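A.B. asks: Any chance you can model this:
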Amino acid sequence: MSEQNPRHDLPLCLQEQLEAFLTYFWLERGGSDLTLDAYRYDLSQYLGWLHQHHLTSASVSSSDVADFFAWRLAQGYASRSSARLLSAMRQWHLWLMDQGIASQNPLQLMKGPQPGRHLPDVLTESEVASLLATPDPTIPLELRDKAMLELLYACGLRVTELVGLEMDRIGLQQGVLRILGKGARERLVPMGEHAQYWLDQWLRLGRPAMLAAEVSQPVVFPSQRGRFMTRQTFWHRLKHYAQRAGIERPLSPHGLRHAFATHLLNHGADLRVVQMLLGHQDLTTTQIYTQVAQARLEALYQAHHPRA
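C.D. replies: Numbering: from 1, shown residues only. You can find the predicted model right below:
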């Protein structure tokens, strides 16, 4: 078999599967365009190699993966690019398992060099305030969107948790949500006065009219067809409001989750409390936000202290 560079000429089904993963990754993790391009490049190479060797992502074994990295080593790829590729492959196989496409992760026991984590670009509190003030609550569709934005920021939800929210998970009188997160782990999240108010407004004044005869449906934030909204639809709505609010930097639904965590820490919240609110299983995942908060404080000091 010819060992040509396998990045090109992926079958259409693999191209579509890869793009579906990248869309998911962007919506859930808020990856930058550069990260997405890098993941597309790296995973195209990996999937191309599997295809050349008559393997699939569902059937590949840990020894096959080792053969793939041995091939890369023979091609002269740098260890840094291999570390980035390994990170992309981990996310890819976890997504395949989450989608029910694969039953095992061939990288589960594989260790590699871990590159430094990129600090998320977090919205300022004034930018968040402008964004939340943008939807017009006198328009039913925008009342729905305002309630969604308020809830996303107040509770630090993942976008999948927001669009998939059902009525029996809302404790409106108690001011809490019962969220079923990753790994079927449940957590209680307080929603705060503002989000609670706008959610109540939506449930009383907007949702019944939008659902009409199907008001018994469990979906909290229905699409215009009365069904669960897709993550992509919510992202387009968010992008629309960000443009209206004059926010020029790239913004994903995950950006409000980043802002939720960072702003809590800026105002003195305990790291473990933020961990529980976000639904992180590992505290080290949450610690990235302490670096963001510290970087923000240092920037403010440098900008405003007379002897900085």
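A.B. asks: for the protein, which spans come out with low pLDDT?
C.D. replies: 1-8, 31, 78-81, 109-121, 183, 213-216, 280-308 (pLDDT under 70).
A.B. asks: Show the residue spans covered by the helices in it.
C.D. replies: With DSSP state H as the criterion, the chain has helices at 12-29, 33-52, 62-75, 79-98, 125-133, 140-155, 159-163, 192-201, 207-211, 231-244, 253-266, 271-278, 283-286, 288-304.
A.B. asks: ok, now which ones touch residue 21?
C.D. replies: For residue 21, the contact set (Cβ atoms under 8 Å, 6 or more residues apart in numbering) comprises 43, 91, 92, 95. C-beta: built from backbone N, CA, C; applies to glycine.
A.B. asks: Actually, residue 244.
C.D. replies: Residue 244 touches residue 134, counting by Cβ under 8 Å, 6+ apart.
A.B. asks: And residue 241, by the same measure?
C.D. replies: 131, 134, 135, 145, 149.
A.B. asks: do the same with residue 159
C.D. replies: With the criterion set at Cβ under 8 Å, 6+ apart, residue 159 makes contact with 27, 28, 152, 231, 234, 235, 253, 254.
A.B. asks: what's the most distant pair in these?
C.D. replies: Greatest spatial distance in the contacts of residue 159: 28 and 152, 13.1 Å, computed using Cβ to Cβ.
A.B. asks: Counting neighbours, go ahead and name the busier of those two.
C.D. replies: With neighbours defined as other Cβ atoms under 10 Å, residue 28 and residue 152 compare such that residue 152 has more, 25 against 19.
A.B. asks: Just give the nearest non-adjacent residue to the more buried one, would you?
C.D. replies: residue 256 (4.7 Å; Cβ to Cβ, 6 or more residues apart in numbering).
A.B. asks: Hmm, the one you found is touching residue 153, no?
C.D. replies: Yes - Residue 256 lies in contact with residue 153 (Cβ atoms under 8 Å); the separation is 4.7 Å.
A.B. asks: Between those two, which contacts overlap?
C.D. replies: residue 128.
A.B. asks: In terms of packing, which of the two has more residues around it?
C.D. replies: Higher neighbour count among residue 256 and residue 153: residue 256, with 29 against 23, using other Cβ under 10 Å.
A.B. asks: Pull the contacting residues for the more buried one.
C.D. replies: Contacts of residue 256 (Cβ under 8 Å, 6+ apart): 123, 128, 149, 152, 153, 156.
A.B. asks: ok, so what distance separates it from residue 235?
C.D. replies: To residue 235, residue 256 is 12 Å away according to Cβ to Cβ, to the nearest Å.
A.B. asks: Could you tell me which residues touch both of those two?
C.D. replies: By Cβ under 8 Å, 6+ apart, no residue touches both residue 256 and residue 235.
A.B. asks: Output the contacts of residue 21 in CSV, with distance to residue 195 and neighbour count appended to each entry.
C.D. replies: CSV is the format used below for the contacts of residue 21 (distance: Cβ to Cβ, whole Å; neighbours: other Cβ atoms under 10 Å):
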residue, distance to residue 195, neighbour count
43, 37, 23
91, 30, 20
92, 34, 23
95, 30, 19
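A.B. asks: Return the closest of the residues you listed with respect to residue 68.
C.D. replies: residue 43 (11.9 Å).
A.B. asks: Would you agree the closest one is in contact with residue 95?
C.D. replies: No - under the criterion of Cβ under 8 Å, residue 43 is not in contact with residue 95, lying 10.5 Å apart.
A.B. asks: Tell me which residues touch the nearest residue to residue 223 once chain neighbours are set aside, please.
C.D. replies: Spatial nearest neighbour of residue 223, chain neighbours left out: residue 229 (4.6 Å); criterion: Cβ to Cβ, 6+ apart. With contact taken as Cβ under 8 Å, 6+ apart, residue 229 is in contact with 163, 221, 222, 223.
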